[in-house]
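J.: Fold the stuff below for me.
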Amino acid sequence: IEAREKAERLKREAEARYRVLAQTSPDCIKLIDKNGKLIFMNQTGILEHGFRTLEDAIGKDFTLITFKQEFQGKVKAALKSALRGKTTTLEVQHRSKGDHEWLLETFSPVKNDKNETECVLAVSRNITPLKQTTLELKSQKEFIQDIIENAGVPILAYRKEGSLLLTNQTLLALLGYR
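T.: Now for the predicted structure:
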């Protein structure tokens, strides 16, 4: 009896620690049932999605309240994959505008003592600043490539060690290369 009481106490203490971690995380942490409905959302998620309380969020279709329509199919596929036991991570766009437009969303199976998946843990992290930087760099790269290609004069660029980095079609045509 004493060993069982100690095990119960340790389990309650562990659950309390997990609750504190979930509630203080800057990431949106959710538990989703097998039908895609929310059964838990931490305080960060409640605020991010504009709910007043956890009770307002429970039972809502996770894919409909969170993601833009063009990402809902990928999210549903990731949920199904997690229900089959596989963790999946993808970049998705948020329905609401503002600070959390782009998310890195991870779906992981939550298993019981019999190793059966009971629900899905979904953790989303705001990657909007990173995504904006990546898109800006891509835009600048395309702009420079467009300038080089349409310069109308032959262009050669070399690396510091002397190997050819790039050239444009004007130079290739002048030299007779394709």
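J.: rest of the way, CA atoms for contacts and neighbours
T.: Will do.
J.: Check which helices and strands the helix or strand bottoming out on mean pLDDT in the chain is in contact with.
T.: Within the chain, judged by mean pLDDT, DSSP states H and E, the helix or strand with the poorest mean is helix 62-66; its value is a mean of 78. Judged by 3 or more C-alpha pairs under 8 Å, 6 or more residues apart in numbering; DSSP states H and E, helix 62-66 is in contact with helix 69-83.
J.: so what secondary structure elements neighbour the helix it packs on?
T.: With contacts defined as 3+ C-alpha pairs under 8 Å, 6+ apart, the packing partners of helix 69-83 are helix 62-66, strand 88-93, strand 102-111, strand 117-126.
J.: May I see the buried residues of the second one?
T.: Just to be clear, that refers to strand 88-93. T88, E91, V92, Q93 (16 or more other C-alpha atoms under 10 Å).
J.: what sits against the third one?
T.: Shown in contact with V92 (C-alpha atoms under 8 Å, 6 or more residues apart in numbering): F67, F71, W102, L103, L104, E105.
J.: Now do the fourth one: how many residues are near it, please.
T.: Right, L103. By the measure other C-alpha atoms under 10 Å, the count of residues near L103 is 21.
J.: The closest residue to it other than its chain neighbours: neighbour count?
T.: Ranked by C-alpha to C-alpha, 6 or more residues apart in numbering and with sequence neighbours excluded, the top spatial neighbour of L103 is N126, at 4.8 Å. Residues within reach of N126, counting by other C-alpha under 10 Å, total 20.
J.: Cheers, nothing more for now.
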